[in-house]
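Peer 1: A structural model of the following input is requested.
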Amino acid sequence: PWSKNRSSLVSAIHKSGRYKNLKASGLSESEIQTVFKKPVPMKIFTWEGEQEVEMSPLDSVKHYLYYLNAGFMAMDPQDGSILAWVGGINHKYFKYDHVNLGTKRQVGSVFKPVVYAAALENGVKPCDFVASRRITYKNFDDWSPGNADENYDGYYSVQGALTNSVNTVSVKVLERTKIKNAVSMARKMGIQSDVPEVPSIALGTPNLSLYEMVGAYCTFANDGKRVKPKYLLRIESKDGQLLEEFSPSEKNQRAMSKRTSELMLQMLRQVVDRGTANRLRSRYNLPNDIAGKTGTTQSHADGWFIGITPELVAGAWVGSDDPNIHFRTITYGQGAAMALPIWGLFMQELNKDQSLKNISKARFGPVSYPLDELLDCEDYKDKRSVGDIFIQILGGKKNRERQKRKAKRKVYR
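Peer 2: Numbering: from 1, shown residues only. Predicted coordinates for the structure are as follows:
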């Protein structure tokens with residue numbers, strides 16, 4: 001995995017406890033290298049369990065670089081209670097917590113729903129059609145985002161672009177929305193980390209935590225109200241005496257209109273039913289009401305999936321501890337192949353547990369009128385109809401008239 005970037009191996013060696021101890025004892029670099037090449041008895045982690053082997057420290061470092069790690073978090077979208085928190089695959093051998101607020105990785109397409117929610121709040125409609133044509137943005141160093149399937153023909157509806165995670169359309173949706181509005185939406189949904197005001201956020205270039213993203217997705221299941229994750233309810237003594245009790249530090253604040261949250265929830269359900277997360281239906285045979293989004297980052301280094309049910313929001317991240325180590329192709333290096341299976345297997349187990357049927361049997365309510373009509377369109381067209389063009393021209397004309405009225409008001413002030 002480090003064949004094209006040997007610095008990953010060197011960095012892992014320098015981070016090891018053995019190297020630090022040898023360095024602290026005064027050994028030179030060449031002496032440390034000699035020690036690292038000599039086989040010694042040790043215990044190592046394997047998927048079959050802990051094993052006793054004779055292995056050089058250098059080979060043990062290489063051994064652990066082959067492993068992908070993971071983080072998983074689940075919470076109640078109404079009151080914010082964290083119900084599951086798994087920081088990694090094995091705490092004894094991998095002590096880094098991949099859920100924590102301070103652990104940030106590139107989020108990929110799981111950030112797109114934040115952009116699309118901002119778009120709906122600012123007048124974009126689910127059935128607006130946008131050309132998937134690839135564009136070079138001269139004012140951003142000739143940046144030219146592409147699509148994973150290399151298809152740039154035809155037109156996608158906004159909901160179709162989210163369902164199929166079409167990058168070129170997502171950037172154009174962000175253009176119509178304005179970057180500052182998308183960043184503002186991220187803040188309202190509870191994302192605290194830095195979100196740069198650049199067009200590439202439409203593709204998910206920010207480095208954010210799983211903790212933040214799962215919390216943000218709860219907004220869609222909570223009628224547009226932000227809910228802050230909470231993991232500590234009370235502290236009791238060993239004999240059950242209450243020592244301290246904690247209440248939510250803030251009331252659920254509105255991040256978006258109920259209308260927008262309802263539309264987004266339906267659009268994210270399409271991602272599961274017929275889009276990039278369809279494996280939850282076809283392979284894991286989940287009958288639950290589910291909305292969600294997959295995410296894949298640059299160079300296939302990180303895989304994400306965040307899923308929403310009426311009573312539970314859960315997210316999984318998968319990748320190497322070192323982001324320089326990644327899959328060579330998108331076949332295995334995508335969120336649908338890396339992170340989604342964890343979510344699918346988790347839900348399979350949850351569905352078997354009768355004590356959790358309040359979660360597994362929960363259903364989303366029907367789409368209210370007239371919002372159902374706003375979603376009534378196909379995902380993709382080879383070409384736009386005359387009606388589509390007329391609506392776009394009319395919308396553009398109305399927008400220009402609105403801008404003129406604003407300009408006049410500024411002059412009169």
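
Peer 1: From now on I want contacts and neighbour counts done on CA atoms only, so please keep to that.
Peer 2: Will do.

Peer 1: Look at residue 73 and give its secondary structure.
Peer 2: Residue 73 falls in the strand class when you classify it by DSSP: H, G, I helix; E, B strand; the rest coil.

Peer 1: For the stretch 151-300 of the chain, which segments count as strands?
Peer 2: Shown for the stretch 151-300 of the chain, the strands assigned by DSSP state E, counting those that start in this stretch span residues 155-157, 207-208, 225-226, 234-236, 242-245, 253-254, 291-296.

Peer 1: Need the winner for burial among those strands.
Peer 2: With neighbours defined as mean count of other C-alpha atoms under 10 Å, the strands of the stretch 151-300 of the chain peak in mean count at strand 291-296, which reaches a mean of 29.

Peer 1: Report the rounded mean pLDDT for that strand.
Peer 2: Confidence for strand 291-296, expressed as mean pLDDT, is 97.

Peer 1: List the residues that contact the residue nearest the centre of the chain.
Peer 2: Closest to where the C-alpha atoms of the chain average out (C-alpha atoms, centre = their mean) is residue 110, at 3.3 Å. The contact partners of residue 110, by C-alpha atoms under 8 Å, 6 or more residues apart in numbering, come to 204, 293-295, 304-306.

Peer 1: between the residues you listed, which is closest to residue 103?
Peer 2: Closest to residue 103 out of the contacts of residue 110 is residue 304 (14.3 Å), distances taken as C-alpha to C-alpha.

Peer 1: Flag the shaky bits of the chain, pLDDT-wise.
Peer 2: Segments of the chain classed as low confidence (criterion: pLDDT under 70) are 248-250, 384-413.

Peer 1: want to throw the strands of the stretch 151-300 of the chain into CSV with distance to residue 33?
Peer 2: Below are those laid out as CSV (distance: least, C-alpha to C-alpha, whole Å):
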stretch, distance to residue 33
strand 155-157, 56
strand 207-208, 35
strand 225-226, 52
strand 234-236, 49
strand 242-245, 52
strand 253-254, 56
strand 291-296, 37
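
Peer 1: gap between residue 251 and residue 229?
Peer 2: 12 Å (C-alpha to C-alpha, to the nearest Å).

Peer 1: Looking at those two, which one has more neighbours?
Peer 2: residue 229 (23 against 11; other C-alpha atoms under 10 Å).

Peer 1: Contacts only, for that one.
Peer 2: 75, 80-82, 215.

Peer 1: Let's see that with 7 Å instead.
Peer 2: Residue 229 sits next to 80-82, 215 when contact means C-alpha atoms under 7 Å, 6 or more residues apart in numbering.

Peer 1: Out of those, list just those in helices.
Peer 2: With DSSP state H as the criterion, helices contain residue 215 from among the contacts of residue 229.

Peer 1: can you pull out the strands in the stretch 301-413 of the chain?
Peer 2: With DSSP E, counting those that start in this stretch applied, the stretch 301-413 of the chain shows strands at 302-309, 312-319, 380-381, listed in chain order.

Peer 1: Output the first one in CSV with nothing but the alpha carbons.
Peer 2: Written as CSV, here are the backbone C-alpha positions of strand 302-309 (Å, rounded to 0.1, in the frame of the first residue of the first chain):
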residue,chain,number,x,y,z
ASP,A,302,-12.2,7.4,2.7
GLY,A,303,-15.5,5.6,2.4
TRP,A,304,-18.6,7.0,4.2
PHE,A,305,-22.2,6.1,4.6
ILE,A,306,-24.8,7.9,6.8
GLY,A,307,-28.2,6.4,7.0
ILE,A,308,-31.4,7.9,8.4
THR,A,309,-34.4,5.9,9.8
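
Peer 1: tell me the angle of it relative to strand 291-296?
Peer 2: Orientation of strand 302-309 against strand 291-296 (axes from the mean of the first three to the mean of the last three C-alpha atoms, to 10 degrees) gives an angle of 180 degrees.

Peer 1: Pull the residues that contact strand 302-309.
Peer 2: Strand 302-309 is contacted from outside by 110, 214, 289-297, 313-319, 333-335, 338-340, using C-alpha under 7 Å, 6+ apart.

Peer 1: for that strand, which positions count as buried?
Peer 2: Of the residues in strand 302-309, those scored as buried under the neighbour-count criterion (16 or more other C-alpha atoms under 10 Å) are 302-309.

Peer 1: Check the second one too.
Peer 2: Neighbour counts using 16+ other C-alpha under 10 Å place 312-319 of strand 312-319 among the buried residues.

Peer 1: Kindly indicate which of the residues you listed lies nearest residue 11.
Peer 2: The nearest one, if we look at the buried residues of strand 312-319 relative to residue 11 and count by C-alpha to C-alpha, is residue 319, at 17.1 Å.

Peer 1: so who does that closest one touch?
Peer 2: 68-70, 301-303.

Peer 1: Tell me the spacing between it and residue 242.
Peer 2: According to C-alpha to C-alpha, residue 319 and residue 242 sit 41 Å apart.

Peer 1: ok, which stretches of the stretch 51-200 of the chain are helices?
Peer 2: According to DSSP state H, counting those that start in this stretch, the stretch 51-200 of the chain carries its helices in the segments 57-65, 112-121, 158-163, 167-177, 179-188.

Peer 1: for those, which one ends up most surrounded?
Peer 2: Mean neighbour counts for those (mean count of other C-alpha under 10 Å) peak at helix 158-163, with a mean of 27.

Peer 1: Which strands or helices does that one pack on?
Peer 2: helix 258-274 (3 or more C-alpha pairs under 7 Å, 6 or more residues apart in numbering; DSSP states H and E).

Peer 1: So what's the gap between the helix it packs on and the chain middle?
Peer 2: When C-alpha coordinates are averaged (C-alpha atoms, centre = their mean, to the nearest Å), helix 258-274 and its chain have centres 16 Å apart.

Peer 1: Pull out the buried residues from it.
Peer 2: Residues 258-273 are the ones in helix 258-274 that count as buried (16+ other C-alpha under 10 Å).
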